[in-house]
Structures are given as C-alpha cells and as structure tokens.
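**Q** just need the structure, nothing else, for what follows:
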Amino acid sequence: MEGDVYIPTDQEVSEAEESTKKFKEESIKKMSESQKGRTHSEDSKRKIAEWHKGKHLTEETKRKLSMLRKGKTSPRKGKCLSEEVKRKISESHKGNIIQKKQKGN
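**A** Presented below is the predicted three-dimensional model:
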C-alpha cells in the first residue's frame with residue numbers, strides 16, 4: 001500500500017544490531033589482551049608526532065572535549081610533590097621573566 005511505513009519489531013532490530021557487530025565480545029577481549037604492554041617504537045612516536053603537527057581542532061570538537069572533561073577531578077588531585085621535585089621545578093623557573101598577567105596583577 002502506498003504511504004505505509006514498515007516499522008520493525010524490537011526483536012528484528014536487536015537481530016540486525018547483532019548481525020552488524022564486527023567482532024564478538026570474546027574476540028574483543030582476546031585482541032585487547034594481546035595488545036597490553038605494547039609500546040610504540042621511538043620511530044613510530046616520531047612519525048605520529050609529525051602527523052599531528054599543524055592540526056587544529058574545530059570549535060565544535062573543542063566544545064565536545066570540554067563537555068567530556070567537565071566534572072572530572074584532576075588525576076593529580078590529592079598527590080603531593082616531593083621536595084626534590086619542587087626544587088627541580090624551582091630551578092627550571094629561575095631566570096624566567098614573569099609577565100604581569102601571570103602574577104595576577
């Protein structure tokens with residue numbers, strides 16, 4: 001009949017979703033386990049860094065990333081720096097010129 005729209009049942013939808021899955025859960029777990037502990041070589045890291053240079057995020061992407069991170073606590077929250085690390089940071093900053101906007105004036 002003209003104008004009739006076929007609406008699939010819930011079972012048909014779930015079967016279609018199952019058939020479009022690329023991998024089974026078990027396969028995904030195996031692939032995940034096989035990659036654990038793997039690191040990129042220095043050459044690969046350099047190539048990845050080169051590929052990312054000069055790329056800019058769109059305003060929409062920036063907004064989405066911002067929303068994704070909102071409400072999460074910093075991974076550094078509650079962690080303290082050792083006296084040695086504080087000294088190293090202090091030494092690395094010595095001699096740098098501090099701008100007025102950095103001082104908070």
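**Q** identify the residues contacting the residue nearest the centre of the chain.
**A** Residue closest to the mean C-alpha point of the chain, counted by C-alpha atoms, centre = their mean, is residue 65 at 8.7 Å. Neighbour list for residue 65: residue 57 [criterion: C-beta atoms under 8 Å, 6 or more residues apart in numbering]. Using the backbone N, CA and C atoms, a C-beta is placed for each residue, glycine as well.
**Q** where does it land on pLDDT?
**A** Looking at residue 65, its pLDDT is 88.
**Q** so where do the helices sit in the chain?
**A** According to DSSP state H, the chain carries its helices in the segments 10-20, 25-35, 42-52, 59-69, 83-93, 100-103.
**Q** which residues does the second one contact?
**A** Outside of helix 25-35, the residues that reach it under the criterion C-beta under 8 Å, 6+ apart are residue 23.
**Q** report the buried residues of it.
**A** Neighbour counts over helix 25-35 (16 or more other C-beta atoms under 10 Å) mark no residue as buried.
**Q** how close does residue 58 sit to residue 52?
**A** Per C-beta to C-beta, to the nearest Å, residue 58 is found 15 Å from residue 52.
**Q** I meant to write residue 34 there.
**A** 26 Å.
**Q** can you give me the neighbour number for residue 12?
**A** When neighbours are counted by other C-beta atoms under 10 Å, residue 12 registers 11.
**Q** sorry, slip of the keys, the one I care about is residue 50.
**A** Other residues within reach of residue 50, judged by other C-beta under 10 Å, total 9.
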